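>>> Quick one, structure for this:
(one chain, ligands or ions: 1)
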Amino acid sequence: MAGGGPQHYRQNSFVLLGVEPMGNYALQPTWADGHTFGIWTFDRLRAVCPCDECRNAAASNAKP
Ligand SMILES: [Zn+2]
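Residues are numbered from 1 along each chain as shown. Presented below is the predicted three-dimensional model:
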């Protein structure tokens, strides 16, 4: 996988083949075009999840 520059997406770049656990702190998605777009820590997933539970958790974790 080439580093830097914009990712060149294809139709199957958005087809999710599977998700592998990385230790007990993150998930790594595997896409149909063969790229693995980094790893997603649970914190990061929580941060981008729009559901009420995650938004409330994010708010209570925020430090003033
Ligand atoms: Zn959520």
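>>> Are we agreed that N12 is in a helix?
Yes - under DSSP: H, G, I helix; E, B strand; the rest coil, N12 sits within a helix.
>>> I'd say it and A32 touch.
Yes - counting by CB atoms under 8 Å, A32 is a contact partner of N12 at 3.8 Å. Just so you know, the C-beta spots here come from the backbone N, C-alpha and C atoms, and that holds for glycine as well.
>>> Pull up the residues of this structure that are close to the ion.
49, 51, 54 (CB under 5 Å from the ion).
>>> Of these, which belong to helices?
Per DSSP state H, helices hold the following members of the residues of the chain next to the ion: C54.
>>> Export the residues of the chain next to the ion as TSV, with columns for neighbour count and pLDDT.
Listed next are the residues of the chain next to the ion as TSV, based on neighbours: other CB atoms under 10 Å; pLDDT from 0 to 100:
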residue	neighbour count	pLDDT
C49	13	91
C51	9	95
C54	14	88
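>>> count of neighbours near L17?
12 (other CB atoms under 10 Å).
>>> what about it, distance to G38?
16 Å (CB to CB, to the nearest Å).
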